[in-house]
Structures are given as C-alpha cells and as structure tokens.
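S.K.: Got a predicted model here, sequence first, then my questions.
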Amino acid sequence: MDIAVKTRAAILAGGPLLLLLLLAAGGAVQAQHLADPTRPPAVLGVQGGEGPAGEGAAPAAPQLQSILVSREPGGRRVAVINGEMVRQGMKFGDAIVERVGETEVVLRRGKTRETLKLFAKP
C-alpha cells in the first residue's frame with residue numbers, strides 16, 4: 001500500500017510538468033501554420049522562390065526598387081532590382097547592368113537594351 005501511495009504521488013507531481021510540456025509542444029505546432037506578415041501579397045507579382053505562378057510561368061519583368069549613389073566623385077552606384085543588389089558590369093539574370101544612373105538603370109541583353117525607371121511618369 002505504501003508503494004501505491006508513492007506511485008500516485010509521483011504521477012500527480014509529474015502531471016503539471018507533463019501538462020506544461022504538452023502545451024509548449026502544441027504552441028510550436030500552431031506557430032508553423034502562421035503566415036509571414038512581412039511577405040508581400042501575391043497580387044503584387046513579387047515571387048520569392050516558389051510561388052503560385054508555378055515553374056512553367058514566364059519570369060516577371062524586372063522592377064527597379066532603389067538606387068544608391070555615393071556623394072563622392074567617382075563613388076559607387078548600386079541598384080536594387082527585384083530585391084537583388086547590382087552594380088554596373090554585373091549580371092542580372094540573363095542581362096548585364098550597363099549603366100546605373102540617378103533615376104534609371106540600363107540592362108543589356110545581347111543587342112537589346114532595357115531601361116528601368118525608378119519613378120513612373122504620371
């Protein structure tokens with residue numbers, strides 16, 4: 001009878017700890033199903049790896065997001081296109097960054113040039 005009392009006391013003592021572990025594990029499982037609040041909506045056309053467009057979809061047109069120009073003469077110029085930082089002479093996809101201006105970037109694909117504007121004309 002003394003053993004039964006000790007066993008029951010051990011189970012009751014471990015009960016709150018077991019309950020706490022189960023609650024902690026349940027919270028972790030629920031957190032896996034939450035969406036990333038910082039991810040842009042799919043309607044904006046920004047693809048981050050795999051997206052709803054699937055693998056057979058054509059790549060989205062490059063979007064110029066930012067240009068950083070050094071104040072020093074001959075300083076560096078950096079552009080951000082589709083979230084990727086590029087400089088003059090670097091490759092962006094199948095294109096070469098030909099020029100980084102203050103408000104535009106020129107991409108060259110073979111003999112074709114594409115100008116990306118930072119600000120759209122009204």
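M.R.: Received it, and whenever you're ready, just let me know what you need.
S.K.: can you map out the helices along this structure?
M.R.: 2-31 (DSSP state H).
S.K.: how far away is the nearest residue to residue 77 once chain neighbours are set aside from residue 109?
M.R.: Distances taken as Cβ to Cβ, 6 or more residues apart in numbering put residue 100 closest to residue 77, at 4.0 Å, once the chain neighbours are dropped. Where C-beta positions appear, they are placed from N, C-alpha and C, glycine not excepted. Distance, residue 100 to residue 109, by Cβ to Cβ, to the nearest Å: 17 Å.
S.K.: Then residue 94?
M.R.: Counting by Cβ to Cβ, the gap from residue 94 to residue 109 is 6 Å.
S.K.: In terms of packing, which of those two has more residues around it?
M.R.: residue 109 (12 against 9; other Cβ atoms under 10 Å).
S.K.: So what sits opposite the residue nearest to the more buried one when sequence neighbours are not counted in the bridge?
M.R.: Nearest residue to residue 109, sequence neighbours excluded (Cβ to Cβ, 6+ apart): residue 95, at 4.7 Å. Beta-bridge partners recorded for residue 95 (DSSP bridges): residue 92.
S.K.: Correct me if wrong: the residue nearest to residue 77 contacts residue 88.
M.R.: Yes - if you go by Cβ atoms under 8 Å, residue 100 and residue 88 touch, sitting 5.2 Å apart.
S.K.: what residues do the two have in common as contacts?
M.R.: The contact sets of residue 100 and residue 88 overlap at residue 77 (Cβ atoms under 8 Å, 6 or more residues apart in numbering).
S.K.: remind me which residues of the protein are low pLDDT?
M.R.: 1-34, 41-59, 122 (pLDDT under 70).
S.K.: now do 80
M.R.: For the chain, the stretches with pLDDT under 80 are 1-60, 120-122.
S.K.: As a check, name the ranges of all strands in it.
M.R.: 64-69, 77-81, 84-87, 91-92, 95-100, 104-109, 112-117 (DSSP state E).
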